[in-house]
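# Give me a model of this one.
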Amino acid sequence: MEPSDDSGSEEILLVENTPDKMESQGSGPPSTSDWSDSDDECETDCSSQLEDPPDFPLTSETESLGTEEEISFSPPTTPPSIGDSSKVTFTPEEELQLDRAIKTFVANLTRDEYEELLDKYDCLAHLRTQANIEPRENKKQHTPPKPEPEHATRENKRKRTPEAGQDENLDVQNAKRPKRHAQSKLEFDYSKIKFENTVILAPQLQNIAKKALPEGRKLEESLRLYSEDTNVITRTRYHRDNLDCLDNIHANVAYIKNLKFDINSPYQQEFTRVKLDPQTGKPKGYTRSALCAYCEKVCFYELKTSCYGHHLYRQHGVFPDGYLTPNPLLRGIYNVIKKENETRKSTPQVREREAVFCPVCYELVETGVLSEMLDRETNPITNYLNHFNFAHRNQTLKEQYFNLTE
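Predicted coordinates for the structure are as follows:
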């Protein structure tokens, strides 16, 4: 008998199972006793059951398994009297739907459930050679954070938030580190000590170089001019032959004579003060200080922090290469007005101030501006010395750099 499906899309051939054929399949024919327990249903009733769709899916080993709904892989408890050994054919639409349904079904399984499914059914053994379970659609994959480069700065490491449990570890590590106490600075007071000085006027330590006045440039008229002697930068030197009077004042301190000290080397100091290691007696290089030869008072300035160099070119116009700041021009009293700038909100007022002209750019520069910070009596033209240093001794400003001597 050849029953047809109600949908008419395909035909299924039902072939009667003969005893020979069933024996070849490994199972014997059903006994009559099994059929007698089915409430005495007739053969026509059995044939009507075959017309209904079976409770289990018809599959083969070469076709894919799975549906959109939950798939039951358990065979029926009661074997049918008549089976169909032909292969099931699917339409292209059904193949696409089944393929998607199988993927969805497998993707919703855990790894253990998927392995159990492969072990239970031999027809799925070929899937072991394929890729693992495909991730679900629209699932964001977690990307591990990038490792921090080895050259990360110390500041970036401090900004990192420690993980749970690290706060205590950091506290323990910090507690084990010995704290560095700030070393107390040794104060040197030479005000009550009398030194023997040899005064050297050194008139040769002068620089009268200047640039020509640009065409069309007119100098401001002065209210009162000083004598020309006031334009000279005095560089009187005070030579101390020895500092024996300081030997027993401070412990672990030595005063070393500088062999390069000479009037032709205006930047060199006469003595260098250095602290000694109390255990080894060796000098500590980072504690070196130089004695200024142009100050009447005994004043030492640190060499490592460039305090000695700053003091010389800001107070005495002497640079490390031996260059001398040229003398200013036309020192006197002028009507001075401050320069306007974008951030200034008030209107600059005209004032009577002591000023000089720069011999390089012929700018009118006030003097005595830093009298509150520095000793104006010893050096009244400190502001001009700073102007020349920043405006004409800067290597980046090559057009304004001035290095002439006369």
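# V365 - how many residues pack around it?
Neighbour count of V365, defined by other C-beta atoms under 10 Å: 20. The way it works is simple: take the backbone N, C-alpha and C, and place the C-beta from them, glycine included.
# do K282 as well
9.
# Relative to I333, how far out is H316?
Applying C-beta to C-beta, to the nearest Å, the value for H316 to I333 is 25 Å.
# Between those two, tell me which one has more neighbours.
The neighbour comparison of H316 against I333 (other C-beta under 10 Å) goes to H316, with 25 against 14.
# give me the element the residue nearest to that one when sequence neighbours are not counted is part of.
Once flanking residues are discounted, H316 sits nearest to Y294: 4.6 Å by C-beta to C-beta, 6 or more residues apart in numbering. Assessed by DSSP states H and E, Y294 sits outside every helix and strand.
# Would you quantify the distance from K260 to P278?
K260 sits 29 Å away from P278, taking C-beta to C-beta as the criterion.
# Likewise for T198?
Counting by C-beta to C-beta - T198 and P278 are separated by 34 Å.
# Number of residues surrounding G216?
A count of nearby residues for G216, using other C-beta under 10 Å, gives 5.
# Next, it: secondary structure please.
coil (DSSP: H, G, I helix; E, B strand; the rest coil).
# Contacts only, for it.
Shown in contact with G216 (C-beta atoms under 8 Å, 6 or more residues apart in numbering): no residues.
# Now the phi/psi pair for it, please.
Phi and psi for G216, reported as degrees, to the nearest 10, are phi 80, psi 0.
# Also C307?
phi -70, psi -30.
# same deal with L385?
phi -60, psi -40.
# Point out where the stretch 101-250 of the chain drops to low pLDDT.
Along the stretch 101-250 of the chain, the parts satisfying pLDDT under 70 run over 123-186.
# Please enumerate the helices of the stretch 301-406 of the chain.
307-311, 382-392 (DSSP state H, counting those that start in this stretch).
# no no, the chain
19-24, 32-36, 43-51, 92-107, 111-120, 154-159, 166-176, 307-311, 382-392 (DSSP state H).
# Which segments of the protein make up each domain?
Structural domains assigned to the chain are 15-129, 198-392, following automatic domain parsing.
# Out of the ones you listed, which gets the lowest mean score?
Across those, domain 15-129 has the smallest mean pLDDT, namely a mean of 56.
# so what's V356 closest to, chain neighbours aside?
V356's closest residue in space is P328 (C-beta to C-beta, 6+ apart), at 3.6 Å.
# Give the full set of residues in contact with the residue nearest to H316.
Applying C-beta under 8 Å, 6+ apart to Y294 gives the contacts R235, T236, R237, Y238, L312, Q315, H316, V318.
# Weed out the non-buried ones from these.
Among those, those buried by neighbour count (16 or more other C-beta atoms under 10 Å) are R235, R237, Y238, L312, Q315, H316, V318.
# from those residues, which is closest to Y267?
Using C-beta to C-beta, V318 is the member of the buried ones among the contacts of Y294 that lies nearest Y267, at 5.6 Å.
# That closest one reaches R235, doesn't it?
Yes: counting by C-beta atoms under 8 Å, R235 is a contact partner of V318 at 7.2 Å.
# where do the contact lists of the two overlap?
Common contacts of V318 and R235 (C-beta under 8 Å, 6+ apart): P266, Y294, L324.
# coming back round to it: mean neighbour count added to the helices of the stretch 301-406 of the chain, as a markdown table?
Shown next, in a markdown table, are those (neighbours: other C-beta atoms under 10 Å):
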| stretch | mean neighbour count |
| --- | --- |
| helix 307-311 | 16 |
| helix 382-392 | 19 |
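# can you redo those as CSV with distance to E215?
Below are these laid out as CSV (distance: least, C-beta to C-beta, whole Å):
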stretch, distance to E215
helix 307-311, 37
helix 382-392, 20
